[in-house]
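Chemist: I'll drop the sequence and a predicted model, then ask my questions.
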Amino acid sequence: MFKRRRQRATFTDIVVWAIGAVIGIAVIYGTFVTWRTAQYSAEQWINLTIDGLKLGGVYALIALGYTLVYGILRMINFAHSEVFMSGPFTAVFLAKYLDSIGFYNDHPIISLILITLLSATVAVTIALLLERIAYRPLRYAPRLVPLITAIGASFFLQYTFRGLYGNDLEVYPNMDILDGTVAIGSIDVPKTDIVVIISAFLMMFLLYSIVQFTKTGKAMRSVSEDKEAAALMGINVDRVIVSTFALGGASAGVAGILYALIFHTAHFYMGFIPGLKAFTAAVLGGIGNVVGAWVGGTLLGLIESLGPNLFLSGLGVPAANQLKDGIAFAILVLILIFRPTGILGERLSKAKA
Amino acid sequence: MSKKIFAVLSLLILASMLLAACGEAPLECEDAIGCVEVAEGDPIHIAYAMVTSGADATLGIDSRNGAEIAMDEKGGTLLGHPIQFDGEDDQCSAEGGQAAGTKLAADPTIVAIIGTSCSSAIRVAMPLWTAAGFTVISASNTAVDLTLAGNENNHPGYLRTAHSDSVQGSAAAQFAWEKLGVKKAATIHDGSIYAEQLQQVFADAFVALGGEITSQESVDPQQTDMSGVLTTIATGAPELIYHPIFIQAGAQIVRQARETTGLENTYLMGADGMFSPDVAEGAGDAIEGVFVSSPDFSAYGDAYTTTFVPAYQAKFGSVPVSIFHAHAYDAFNMLYACIEKVAVGDKEGGNLLIGRQAMRDCMYATKDYQGLTGNLTCTPTGDCADPKIAVYEYHAGEYPPVKIWP
């Protein structure tokens, strides 16, 4: 078997593997150098890890939207980053209003639930409108058509929201109960981080349960395996697609509020970079795969937050932290070269040959 | 040979004087790089190129407001012609500078441009405008190289009323060393020419004073998560971080530095790009105690507080939202004075010719001009500022910040 593989290896394969080997060695060497110099304390590593986990959670929730839609329609919904933006950019006005009447800090939990609900509602509405207006008429069009439409819809939504709310940076007011840190052992962890990590995980778990254990989830999985057969078995395909978009929209809306809790800002362009990162996360974990979205998101968050300090600075790269986006997208390229199906594989879509 | 040209030129000038004396003869352009013709009833066109959208919009809008007030004071007319004041968004980036630059360069009615807001934008726009023959005066470009003689980024026709960052960076270093007594500092820039050069000036001046620079890091202007870069900086244990960047990334740095182990009590200091209510709002309570350097408003003349600010409030409904409004006001008035001076023809609202080279020469020759921002004299490379830098301190929930030095 080994022999056969060697015979089949082409020149391109060898070059690709050589590139992979060089990158691998560079990463290991850089990590080793950083470890030897002991520039950072254990506490700092832990802080960076927590940071990576919270970003990863947000990426994972957004990635879920890409993954679910891909699983069912075999298309990348590039307008999903705008679904993500629409929620927090709308909810910020409610948060500001609640803050101005003093409700925000008097009843923080209720306020958080309210703004999350608003954010999720807006995101779901946008996702459903997208599906109805931009994608449904094109369902049987060639693959490239909905892809281009998605990009167009993305720009349309961005500038619609800019027209609606203006192009200023909107700021979420501070919430007193989320200020400060909690001591876990000798480490001070910001309360916001704990809330974000836990809520992201719970939300992921909830969505996973919906897909795995409910009737709608079952219908989604069967439509994803074979649309025609599912329709013949009496499944309303249109309704399943609508609920998929709703689910993706809801998770994006929640992700938006978590993102806003971390960075406190919202503006019409905020979806672009997190959207691209989440798409990377979805591909990294295996697009079409719900657990893959979680694995990919978390991994990407960790690599992004640890990577620059872990191996880039060890390699002597100047201003390593400016390259964190570079790392994320380099991973996307490497994944596409070495494992196009992602870490866990395209579980939902394997039947589609 | 130059004698010959001189002779020809003087003959031409003589001839034109004779022709002008005749009265009815059509105007002839004798300018080396062409003229702007303004027919009777047509407006005189002054354009702006400033950032009017996105996170840094207040910087550009504030400057535009300043220029509009100057225009209102003149009644909106110049030599009997209405003034047309419109323009493009420079987006505070090289891409925006390219777009705005190309668009404006294609409009031959433009006499002069006030702009750009950001140094990154002027770097690509200015070659286009130099070729188009415009006179350009910026109210807020502060990058050092723009007025450095012989530098590839210093172009004919470019002037500025803003201070050069060689002044601002040194002042910041002096403040850190003398007033705060800081011995170790780190810097962060965002890859823009403004921030990159400013932090370098600061670093050089700080080292010259005897201080130590622990690290010089960079972030992306759109970046939101700063934990990595702040952790790296924390390993050097600096007593001050100098981050002369813009509003969006600046607010995130202020917020997250307070949450980074080892940086809880480090002094934070920005520059004029972070002097904005948006920074105070974006950073929340973490803004308490953050320093910013800026032009010294208290050194402006009485006209600033008694006339300019009330006019601004009356027209735009708020106190000035950023810091280069007075510079734009001065820039507009300097252009106005020069157009008045160099225009030939019927100065009562009839046909006019404005020589492009004459316009530039007039601007470069500005001497002891009494503006809001001080006593302005332009150097041959276009530095017109009378720089007075002060350091201001932010307090949570308050705007503007309070002057504390010198």
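Modeler: Nice, I can see it.
Chemist: For the chain, which residues score under the pLDDT cut-off?
Modeler: Just going to use chain A. Segments of chain A classed as low confidence (criterion: pLDDT under 70) are A:1-7, A:346-353.
Chemist: The intended chain is chain B.
Modeler: Along chain B, the model assigns pLDDT under 70 to residues B:1-26.
Chemist: hmm, try it at 50
Modeler: Regions of chain B meeting the criterion pLDDT under 50 cover residues B:22-24.
Chemist: Got the domain ranges for it?
Modeler: Using automatic domain parsing, the domains assigned to chain B come out as B:35-164+B:300-388, B:166-296+B:390-405.
Chemist: For the nearest residue to B:I122 once chain neighbours are set aside, the count of nearby residues, please.
Modeler: In space, B:I122 comes closest to B:T116 once its chain neighbours are excluded; the distance is 4.5 Å by C-beta to C-beta, 6 or more residues apart in numbering or on different chains. Any C-beta I mention is one placed from the backbone N, CA and C, and that applies to glycine too. When neighbours are defined as other C-beta atoms under 10 Å in any protein chain shown, B:T116 has 35 of them.
Chemist: what's the answer for A:S100, then?
Modeler: 10.
Chemist: what do you get for the one 4 residues further on?
Modeler: Other residues within reach of A:Y104, judged by other C-beta under 10 Å, total 24.
Chemist: If we go by neighbour counts, what in the helix or strand hosting A:K324 is buried?
Modeler: Under DSSP states H and E, the secondary-structure element containing A:K324 is helix A:324-338. Neighbour-count burial for helix A:324-338, with 16 or more other C-beta atoms under 10 Å in any protein chain shown as criterion, is recorded at A:K324, A:G326, A:I327, A:A328, A:I331, A:L332, A:L334, A:I335.
Chemist: Ok, which of the domains of chain B comes nearest A:M220?
Modeler: Go through the domains of chain B one by one with C-beta to C-beta and the one that ends up closest to A:M220 is domain B:166-296+B:390-405, at 32.7 Å.
Chemist: near chain A at all, the closest one?
Modeler: Yes - legend: contact between domain B:166-296+B:390-405 and chain A by C-beta under 8 Å from any C-beta of the partner chain is shown at B:191, B:216-220, B:222-225, B:227-229, B:231-232, B:234-235, B:247-248, B:251-252, B:255, B:259-262, B:278, B:281-282, B:284-285.
Chemist: hang on, B:I245 packs against B:I188?
Modeler: Yes - with contacts defined as C-beta atoms under 8 Å, B:I245 counts as touching B:I188 at a distance of 6.7 Å.
Chemist: Spit out the residues that contact the two alike.
Modeler: When contacts are counted by C-beta atoms under 8 Å, 6 or more residues apart in numbering or on different chains, B:I245 and B:I188 have B:V219, B:I253 as shared neighbours.
Chemist: And the helix holding A:K324, what does it pack against?
Modeler: helix A:11-37, helix A:272-285, helix A:290-307 (3 or more C-beta pairs under 8 Å, 6 or more residues apart in numbering or on different chains; DSSP states H and E).
Chemist: mind putting those helices in JSON lines, distance to A:P88 and mean neighbour count included?
Modeler: Conversion of these to JSON lines gives the following (distance: least, C-beta to C-beta, whole Å; neighbours: other C-beta atoms under 10 Å in any protein chain shown):
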{"stretch": "helix A:11-37", "distance to A:P88": "34", "mean neighbour count": "12"}
{"stretch": "helix A:272-285", "distance to A:P88": "11", "mean neighbour count": "26"}
{"stretch": "helix A:290-307", "distance to A:P88": "18", "mean neighbour count": "25"}
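Chemist: Rebuild the ones you listed as TSV, extending it with distance to B:A195.
Modeler: Listed next are the helices and strands packed on helix A:324-338 as TSV, based on distance: least, C-beta to C-beta, whole Å:
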stretch	distance to B:A195
helix A:11-37	27
helix A:272-285	20
helix A:290-307	23
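Chemist: Make TSV out of those and add distance to chain B.
Modeler: Supplementary listing: those in TSV, determined by distance: least, C-beta to the nearest C-beta, whole Å:
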stretch	distance to chain B
helix A:11-37	10
helix A:272-285	6
helix A:290-307	6
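Chemist: how about the top strand by length along chain B: buried residues?
Modeler: Of all the segments of type strand in chain B, defined by DSSP state E, the longest one is strand B:81-89. Neighbour-count burial for strand B:81-89, counted by 16+ other C-beta under 10 Å, picks out B:H81, B:I83, B:F85, B:G87, B:E88, B:D89.
Chemist: What strands line up against that strand, and which way round?
Modeler: Applying DSSP bridges, strand B:81-89 is found paired with strand B:44-50 (parallel), strand B:77-78 (antiparallel).
Chemist: Which strands or helices does the following helix or strand past it pack on?
Modeler: Downstream of strand B:81-89, the next assigned helix or strand under DSSP H and E is helix B:94-105. Of the remaining helices and strands, those touching helix B:94-105 by 3+ C-beta pairs under 8 Å, 6+ apart are strand B:44-50, strand B:81-89, strand B:110-115, helix B:119-132.
Chemist: Got phi/psi on the residue nearest in space to the middle of chain B?
Modeler: Geometric centre of chain B, nearest residue: B:S140, 1.5 Å, by C-alpha atoms, centre = their mean. In this entry, B:S140 is assigned phi and psi values of phi -140, psi 10 (degrees, to the nearest 10).
Chemist: Could you find the closest non-adjacent residue to it?
Modeler: Of all residues not flanking B:S140 in the chain, B:F324 sits nearest, at 4.0 Å (C-beta to C-beta, 6+ apart).
Chemist: can I assume the one you found is in contact with B:D56?
Modeler: No - in this structure, B:F324 sits apart from B:D56 without contact. The criterion is C-beta under 8 Å, and the distance is 11.8 Å.
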